[in-house]
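Asks: Sharing a sequence plus its predicted fold:
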Amino acid sequence: MIESTLKESIQIKQRILDDRDFQKRLSVCIELITQAFKNGNKVFFCGNGGSAADAQHLASELSGKFYIDRPPLPAEACHVNSSFFTAVANDYSYDHVYARYIESSGKEGDILVAISTSGNSGNIIKAVEKAKDLGLSVIGFTGESGGKMKNMVDILINIPSSDTPRIQEAHILAGHIICEQVEKNIFA
C-alpha cells in the first residue's frame, strides 16, 4: 500500500511536469502575485479543512519567509481570526465567512487564492464571487475537473486527479513553486 500511494503521488507530479500548459498557468500566477506585491497589494488565501491548512501554510511562506531572509509580504489566510469566522458563521452562515472577510479586507488589485479540491465548496464559491465584484484577481486551486470554480477564476491550477490527498499534496507543491519564485522576483 505504501509503495502504491507513493507511485500515485509521483504519477500526478509527472503529469504536471509533462503539462506545459499547467506550467504556463503557474508562471502567470507567479507574475500576477509578484506584480500585486510590487504595487502594494495583498494576497488572501482561503480553503476548508486540509485546504484551510494549506491556505495558512502558503500565506505564512509569503508573510514570513521562504528561502530568503527579507521583509514580510502582505499575505494572509482568511480563517485565522476565529472570533470573526465564528461570528459570521453564526450571524449569516458558514457559506458567507470568506466572502465577508474579503469584503472587509480586500480591495481592487489584491489577489484571492481560493483552494477547493472539488472546486464546488459553497463558501469558496461565494468568496470568489465577492472577490470578482471588488476587482480582485482570483487564482483557483482545484482538482482535475475544476468544478464550479473552473469558469469563475482568472487562473485555474487544477491538479490532474480526483483523489483529495493527492490533490492537496500537489497544491502544496504548486504553492511552494509560486512562493519561491515570487520571493526571488522581488528580493533576489
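Replies: Sure thing, it's come through.
Asks: State the pLDDT value of residue 188.
Replies: As summarised for this prediction, residue 188 has a pLDDT of 87.
Asks: ok, it touching residue 69?
Replies: No. Judged on Cβ atoms under 8 Å, residue 188 makes no contact with residue 69 at a distance of 12.0 Å. Every residue, glycine included, has its C-beta placed from N, CA and C.
Asks: Those two: who's more crowded?
Replies: residue 188 (9 against 6; other Cβ atoms under 10 Å).
Asks: and the more buried one, what does it touch?
Replies: residue 68 (Cβ atoms under 8 Å, 6 or more residues apart in numbering).
Asks: repeat for residue 175
Replies: Residue 175 touches 54, 57-58, 61, 113, 141, counting by Cβ under 8 Å, 6+ apart.
Asks: Can you tell me how far it is from residue 34?
Replies: From residue 175 across to residue 34, the span is 15 Å (Cβ to Cβ, to the nearest Å).
Asks: buried residues in the longest helix along the chain?
Replies: Using DSSP state H, we find that the single longest helix of the chain is helix 164-187. Neighbour-count burial for helix 164-187, counted by 16 or more other Cβ atoms under 10 Å, picks out 166-172, 174-175, 177-179, 181-183, 186.
Asks: same deal with stretch 130-149?
Replies: Those would be 130-132, 134, 136-144, 146-149, for stretch 130-149 by 16+ other Cβ under 10 Å.
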